[in-house]
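**Q** Predicted coordinates and the sequence they were generated for:
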Amino acid sequence: MLGGSVHNAIITPAPHSPALLSNVKLIRDLAALSPELRAGAVAIGNFDGVHQGHARIVERLLAKARQVDGPAVVFTFDPHPVRLLRPAEAPPPLTWTDRKAELLAALGVDAIIAYPTDEALLNLEAEEFFDRIVRRALDARAMVEGPNFFFGRGRGGTTEVLRRLTATAGIQLEIVDPLVIDGEVVSSSRVRQLLSAGRIDEARRLLTRPYRLRGMVTHGAGRGAKIGFPTANLAAIDTLLPGVGVYAGRAWVGGESWPAAINVGPNPTFGEQALKLEVHLIGFSGPLYGQPLEVDFLGRLRDIQPFANVEALREQLGRDVLAARRTAEE
């Protein structure tokens, strides 16, 4: 139940299309890399969340690809290396791999390589990683990276090491300055902090698309339907859950989207303290149990609060739904 200044232009990708992912060249095996996707410009990194800082790197990547008359390729890792190296310190991801590929494709890259992270990869020294991946597998003609790029065992490959290796190999290199919005560098960790605090509107300014998560619809207590606001309860969420609150959003199911009011948190009116994610799809009717559901977070509506009785809760939910619909249709 539903309980500053920008130093560089913000980049907006093409509008979302449910069919977009089918056109994405998402590659998980370098042996499957076709000749037309080699000898181009390459950017290596995690690209978690695909925020405006990443968009700036991709913008320069596309320019370099045109210069060398080759493809623009993003090489990323699945899973994030820290999940193998220091699992206790691994932050919850902002995007799953297919979603990351979709967002990068919307920015214009030609292919995304989601390389399976394993011990063999993590044990490669910087020079060996560069030789095996950048030179031989990708046959890169240019590279574009951010200033905090590291590669190879123990993060031994710094940007200075990369400058030396690319110069020796005759590969063009561009190190992109960090993007600053509202006086702070845009980063995945900053986005994560804002989302965890429920500051959706601020997080949206840093992302290229609204923050999205996914889950499977499971059975709940059924109280929402009884008072006129049925909700889909989501489980098996594999990315960061925003902070407790009520949000406006948009839900994607079966290739279509619906305005949505989203509750993240407990149901204090009924004495429940368990953290849950419930989504009311505005205008939708039909079964959802057992189906996957994706949800965009568009804005924060209010804090979670207890109500004196069910009627007071129903009245507030009506206001929430109107506000959520307005936000989703803006």
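**A** All right, it came through fine. Numbering: from 1, shown residues only.
**Q** Enumerate every residue touching Arg155.
**A** Arg155 makes contact with no residue, according to Cβ atoms under 8 Å, 6 or more residues apart in numbering. (C-beta placed from N, C-alpha, C; glycine too.)
**Q** Could you tell me the model confidence score at it?
**A** At Arg155, the model reports a pLDDT of 91.
**Q** Kindly confirm my reading that Gln213 is in a strand.
**A** Actually, residue 213 is Leu rather than Gln. Yes - the assignment for Leu213 (DSSP: H, G, I helix; E, B strand; the rest coil) places it in a strand.
**Q** That one and Leu240 touch, don't they?
**A** Yes - the criterion here is Cβ atoms under 8 Å, and Leu213 meets it with Leu240 at 7.4 Å.
**Q** The two: which has the busier surroundings?
**A** Neighbour count, other Cβ atoms under 10 Å: between Leu213 and Leu240, Leu213 has more, with 25 against 19.
**Q** and the residue nearest to that one when sequence neighbours are not counted, what is it in contact with?
**A** Once flanking residues are discounted, Leu213 sits nearest to Thr239: 4.9 Å by Cβ to Cβ, 6 or more residues apart in numbering. Counting by Cβ under 8 Å, 6+ apart, Thr239 touches 92-96, 213-214.
**Q** measure Thr239 to Gln172 for me?
**A** Applying Cβ to Cβ, to the nearest Å, the value for Thr239 to Gln172 is 34 Å.
**Q** With Val185 instead?
**A** Going from Val185 to Gln172 by Cβ to Cβ gives 25 Å.
**Q** Now restrict the contacts of Thr239 to buried residues only.
**A** Buried subset of the contacts of Thr239 (neighbour count, 16 or more other Cβ atoms under 10 Å): 93-96, 213-214.
**Q** Show me the shaky parts of the stretch 1-150 of the chain.
**A** The model of the stretch 1-150 of the chain has pLDDT under 70 over residues 1-23.
**Q** at 50 what do you get?
**A** Applying pLDDT under 50 to the stretch 1-150 of the chain picks out residues 3-22.
**Q** which residues of it fall in helices?
**A** Applying DSSP state H, counting those that start in this stretch to the stretch 1-150 of the chain gives helices spanning 52-68, 82-85, 97-106, 119-122, 126-129.
**Q** The first one - contacts with which helices or strands?
**A** Right, the one you point to is helix 52-68. strand 41-44, strand 72-78, strand 142-145, strand 172-175, helix 200-206 (3 or more Cβ pairs under 8 Å, 6 or more residues apart in numbering; DSSP states H and E).
**Q** and if we set it to 6 Å?
**A** Helix 52-68 sits against strand 41-44, strand 72-78, strand 142-145, with contacts defined as 3 or more Cβ pairs under 6 Å, 6 or more residues apart in numbering; DSSP states H and E.
**Q** before we move on, the earlier item: right, and out of the contacts of Thr239, which lies closest to Asn123?
**A** Set against Asn123, the nearest of the contacts of Thr239 by Cβ to Cβ is Pro93 (23.2 Å).
**Q** Might you report the residue contacts of the closest one?
**A** Contact partners of Pro93, counting by Cβ atoms under 6 Å, 6 or more residues apart in numbering, are 48, 239.
**Q** repeat for Glu202
**A** Shown in contact with Glu202 (Cβ under 6 Å, 6+ apart): Leu194.
**Q** what do you get if the cut-off is 10 Å, keeping everything else the same?
**A** Going by Cβ atoms under 10 Å, 6 or more residues apart in numbering, Glu202 touches 4, 181-182, 190-191, 193-195, 300.
**Q** before we move on, what about Gly245?
**A** Contact analysis of Gly245 by Cβ under 10 Å, 6+ apart lists 3, 197-200, 262-265, 297, 300-304.
**Q** Can you say which of these are buried?
**A** Of these, these count as buried by 16+ other Cβ under 10 Å: 3, 198-200, 262-265, 297, 300-301, 304.
**Q** Which members of the residues you listed define the maximum pairwise distance?
**A** In these, two members sit farther apart than any others by Cβ to Cβ. They are Gly3 and Arg199, at 18.7 Å.
**Q** How many neighbouring residues does Gly70 have?
**A** Count around Gly70 with other Cβ under 10 Å applied: 21.
**Q** Hmm, it is touching Lys64, no?
**A** Yes - counting by Cβ atoms under 10 Å, Gly70 does reach Lys64; the two are 8.9 Å apart.
**Q** Mind listing the shared neighbours of the two?
**A** Contact criterion Cβ under 10 Å, 6+ apart; residues shared by Gly70 and Lys64: 40-42, 140-142.
**Q** Most neighbours among the residues you listed, please name it.
**A** Within those, most neighbours by other Cβ under 10 Å means Ala41, with 30 neighbours.
**Q** No further queries at this time; thank you.
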